[in-house]
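Chemist: quick one, structure for this:
(one chain, ligands or ions: 1)
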Amino acid sequence: MTALTTSPRLAPPTVRVRESYLTGEQADMVHRGSDTSWLADASRDFAQFVADRVGVRERWGVPSEVFWFTAEEHYIGSLVIRHQLPKDDLGGHIGYHVVHPWQRQGHATTMLGQALTIARGLGLDRALLTVAADNAPSLGVVRRNGGTPDGTNSDGQLRFWIDTPTAP
Ligand SMILES: CC(C)(COP(=O)(O)OP(=O)(O)OC[C@H]1O[C@@H](n2cnc3c(N)ncnc32)[C@H](O)[C@@H]1OP(=O)(O)O)[C@@H](O)C(=O)NCCC(=O)NCCS
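Modeler: Numbers count the residues shown, from 1 in each chain. Next up, the predicted model:
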């Protein structure tokens, strides 16, 4: 396993992690049995791929921002913060994944913690997360960040609210 010499942080997508992003996402897609063809496009023009993901953009009909969780040249995972809840009630404020080679090392737990601080800076007092009832890893991540259950959405996903941290 690669030893990190600095603590990973959420930051805007960057070309600095090109190799690690492409190999990490490829490993993750293969592990999940998912289509990897989008990675060929990403590798052809990675600078454009990154540029298309930086900043606040309209996604799911609401302003949203993508962050990558990185340490130096290492890419660990991605996270999106939606500034408002989508109108269809299907998603929460925050979604995330950690690529397979970096899973089960506490990264998603740390990543969500950092995202809650960013969300507070956006004016959100609390964040909604929706998780499939059989997604044990994500339920662990939400639990470790203090998620309070609030029923299910129209898709049957479990809803959790997490208070965002006030400034120290
Ligand atoms: C969910 C996900 C982000 C977790 O990432 P991670 O970095 O491995 O999570 P952590 O290491 O912070 O682990 C958090 C908790 O889940 C547990 N966990 C992690 N992987 C697990 C697995 N495969 N099976 C069961 N439990 C698991 C950890 O042990 C920990 O639980 P604990 O508090 O009881 O010790 C990752 O599995 C993933 O990207 N999955 C695919 C995308 C996804 O489901 N995203 C979330 C949608 S709501």
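Chemist: tell me the residue of the chain that sits nearest the ligand?
Modeler: residue 140 (2.6 Å; C-beta to the nearest ligand atom). Heads up, the C-betas are built off the backbone N, CA and C, glycines and all.
Chemist: how about the nearest residue to that residue, chain neighbours excluded?
Modeler: Leaving aside its sequence neighbours, residue 140 sits nearest to residue 109 (C-beta to C-beta, 6 or more residues apart in numbering; 7.6 Å).
Chemist: in which helix or strand would I find that neighbour?
Modeler: Using DSSP states H and E, residue 109 falls within helix 107-121.
Chemist: for that helix, the distance to its chain's centre please.
Modeler: 9 Å (C-alpha atoms, centre = their mean, to the nearest Å).
Chemist: re the thing from before, what about the residue nearest to residue 140, neighbour count?
Modeler: 16 (other C-beta atoms under 10 Å).
Chemist: I'd assumed residue 144 was in contact with it.
Modeler: Yes - counting by C-beta atoms under 8 Å, residue 109 touches residue 144, with 4.7 Å between them.
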